[in-house]
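Okay, sequence plus prediction incoming.
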Amino acid sequence: MTTDSATLPETETRPTTLRAIICVIIAVTFFGLAYGYSLPVLSLIMEREGLSSTLIGLNTATSSAAVLVFGPFVPRLLVRFGLRIPIFVSIIVSTALIVPIAFTEPLYAWFPLRFVLGGAIFIALIATDIWVTQGASAKTRGRLVAIYGAAVAGGVAAGPLLVSFTGAEGYAPFWTAGGLLAFSTIPMLLAFGPSPHMSRSARPPLLRFISVVPVATVAVIIFGVMDASILALLPIYGVREGMTDEASVKLVSIVLGGSVVLQLPIGYLADRFPKQAVLFGLGLIGAAAAAIYPAVFHTIPALFICLFVLGGCVTGLYVVSLAILGDRFSGGALAAAVTLFTMMLSAGTTTGPVLSGIAMQAYDPHGLPATISGAMLMVPIVGLVTWMVWLGRGRKL
């Protein structure tokens, strides 16, 4: 693609170090742990309190709603204060809010508390996204962003395992979640030295942003839709296919395993080949894996391979798309782009389980793999259409 007014050239505006990037990745791993740990704990507590599944879902969704409310203000905040200060403030606010949840009533107090908590975590994740994406060089961006994505996914995946040690009763779960969040300050303190510079820059409006990175835009929406759908509905699919509850939950673990393990080779490919081509391949392979796994569902080795590959492809959409943003934007424009990126991801995670649930109800239970396969195919379809349009205009993909 030729240089665009919204596409900034690769500039060496990365006054940070590899050590700082590694520290940021370690810190965000603890954020992922706290997030993955607190979600099932809070849901179990609300279930014991007699709240309906609808209220539990709405309460959980308040965190995503915070993304849409706080999103427009984040780029200006990061340009004004840089990356380091918002990360520390977000950690302090998150830690200060998670413990008082234990002493409040779920039906009323948890809605505003989880809304502010979601906003604080959102700001921290945006800042760490930018730190790693802009701090990495063009030659290593794919691999470093892949390690970052694997760290987030691994933290979220490992979080629920802690519940078996702490339980979901009493105050211990809240002190544990608060401790995980507070501990993330230690690697951030070790990330001394400058962070990537957030100079004020033109912020691309939504339509302009989509026109510059159309394939990445679609890919991150599909990631949000599929990630939430798989986590929420794959266990239900397993039960309806005759599995026990325990066995069906393990299906999600296989998907998350692929999400973690396969990111480094995917990042390596993103550094060696055009990133849009890597997205194209991830969409095709993920669609094939989703289409195949119902046919091999009762052949365990083949099923596990399909789900493992599917998990890697789904998370790879996010990782490679984030690397593309680092190639195309910098400074304040990158802050705005990553914010739009995350807001669209949030829209995907909000609508995904609803769409997949409707599909499962209409075509029980195979509406889920049909939805996953069809959604993954949208990435290569949009990539092919984009290539044809840009070819006609003399632009490079």
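Looks like it came in fine.

Helix or strand with the lowest mean pLDDT in this protein?
helix 206-212 (a mean of 68; mean pLDDT, DSSP states H and E).

So for the helix or strand hosting Thr95, what gets flagged as buried?
In this structure, Thr95 sits in helix 84-98 according to DSSP states H and E. Under the neighbour-count criterion of 16 or more other Cβ atoms under 10 Å, helix 84-98 has 84, 86-91, 93-95, 97-98 buried. Bear in mind the C-beta positions are built from the backbone N, C-alpha and C, glycine included.

elements contacting that helix?
helix 18-48, helix 110-135, helix 172-183, helix 185-190 (3 or more Cβ pairs under 8 Å, 6 or more residues apart in numbering; DSSP states H and E).

Run through who's touching it.
Outside helix 84-98, the residues that touch it by Cβ atoms under 8 Å, 6 or more residues apart in numbering are 27, 34, 38, 77-78, 113, 116-117, 120-121, 123-124, 127-128, 174, 177-178, 181-182, 184-185, 188, 191, 195.

likewise stretch 315-323?
Outside stretch 315-323, the residues that reach it (Cβ under 8 Å, 6+ apart) are 129, 133, 141-142, 145-146, 148-150, 153, 213, 215-217, 219-220, 222-223, 227, 258-260, 262-263, 266-267, 270, 275, 278-279, 282-283, 286, 338, 341, 345, 379.

Which ones among these lie within helices?
129, 133, 141-142, 145-146, 148-150, 153, 215-217, 219-220, 222-223, 227, 258-260, 263, 266-267, 270, 275, 278-279, 282-283, 286, 338, 341, 345, 379 (DSSP state H).

TSV please, covering the buried residues of helix 84-98 and showing pLDDT and distance to Leu18.
Formatted as TSV, those follow (pLDDT from 0 to 100; distance: Cβ to Cβ, whole Å):
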residue	pLDDT	distance to Leu18
Arg84	89	17
Pro86	91	22
Ile87	92	18
Phe88	92	21
Val89	92	25
Ser90	92	23
Ile91	91	22
Val93	92	29
Ser94	90	27
Thr95	90	28
Leu97	87	33
Ile98	86	31
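
which stretches of the stretch 151-300 of the chain aren't confidently modelled?
Filtered on pLDDT under 70, the stretch 151-300 of the chain yields the residue ranges 198-209, 245-246.

Domain parsing of the protein, as residue ranges.
Domain assignment for the chain by automatic domain parsing gives 14-195, 203-397.

Next up, the contacts around Val314.
223, 226-227, 230, 255, 259, 286, 376.

Do you know the pLDDT at it?
Per-residue confidence (pLDDT) for Val314: 93.

Leu325 versus that one, what's the distance?
18 Å (Cβ to Cβ, to the nearest Å).

How about Thr244?
42 Å.

which one of these two has more residues nearby?
More neighbours surround Leu325 than the other of Thr244 and Leu325, with 27 against 10 (other Cβ atoms under 10 Å).

Let me know the secondary structure of that one.
helix (DSSP: H, G, I helix; E, B strand; the rest coil).

Measure how buried Ala288 is and give me the count.
Residues within reach of Ala288, counting by other Cβ under 10 Å, total 17.

Hmm, I typed the wrong one, I wanted Ile186.
12.

can you tell me which residues contact Ala182?
Contacts of Ala182 by Cβ under 8 Å, 6+ apart are 91, 95.

typo on my end, Pro353
Pro353 makes contact with 228-229, 232-233 under the criterion Cβ under 8 Å, 6+ apart.

Can you lay out those residues as JSON lines showing secondary structure?
As requested, those are arranged in JSON lines below (three-state DSSP):
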{"residue": "Ala228", "secondary structure": "helix"}
{"residue": "Ser229", "secondary structure": "helix"}
{"residue": "Ala232", "secondary structure": "helix"}
{"residue": "Leu233", "secondary structure": "helix"}
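
May I see these organised as a markdown table, with neighbour count and distance to Met46 added?
Listed next are the contacts of Pro353 as a markdown table, based on neighbours: other Cβ atoms under 10 Å; distance: Cβ to Cβ, whole Å:
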| residue | neighbour count | distance to Met46 |
| --- | --- | --- |
| Ala228 | 22 | 19 |
| Ser229 | 26 | 22 |
| Ala232 | 18 | 16 |
| Leu233 | 22 | 20 |
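
Let me know the helix or strand that Asp304 is in.
Wrong residue type there; residue 304 is Phe, not Asp. Short version, using DSSP H and E: Phe304 is in helix 300-328.

and the two most separated of the contacts of Val314?
Pairwise distances across the contacts of Val314 peak at 14.3 Å for Ser259 and Met376 (criterion: Cβ to Cβ).

any idea how far Leu97 is from Gly36?
Applying Cβ to Cβ, the value for Leu97 to Gly36 is 17 Å.

That should have said Gly159, apologies.
Gly159 is 2 Å from Gly36, by Cβ to Cβ.

Can you tell me which of the contacts of Val314 is nearest Ile300?
After measuring the contacts of Val314 against Ile300 - Cβ to Cβ - the closest member comes out as Val255, at 14.7 Å.

isn't the closest one right up against Ala232?
No: in this structure, Val255 is not within contact of Ala232 by Cβ atoms under 8 Å, at 12.0 Å.

hang on, the earlier thing: so can I have TSV of the contacts of Pro353 showing distance to Met360?
Output for the contacts of Pro353, formatted as TSV (distance: Cβ to Cβ, whole Å):
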residue	distance to Met360
Ala228	14
Ser229	9
Ala232	11
Leu233	6
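
which one among these gets closest to Val309?
Distance to Val309, by Cβ to Cβ, is smallest for Ser229 among the contacts of Pro353, at 16.9 Å.

Ignoring the adjacent residues along the chain, who's closest to that closest one?
In space, and not counting its chain neighbours, Ser229 is closest to Ser356: 3.9 Å by Cβ to Cβ, 6 or more residues apart in numbering.

quick one: the host helix or strand of that neighbour to helix 300-328, angle?
Element membership of Ser356, judged by DSSP H and E, is helix 331-362. Here helix 331-362 points in a direction 150 degrees away from that of helix 300-328 (axes from the mean of the first three to the mean of the last three Cα atoms, to 10 degrees).
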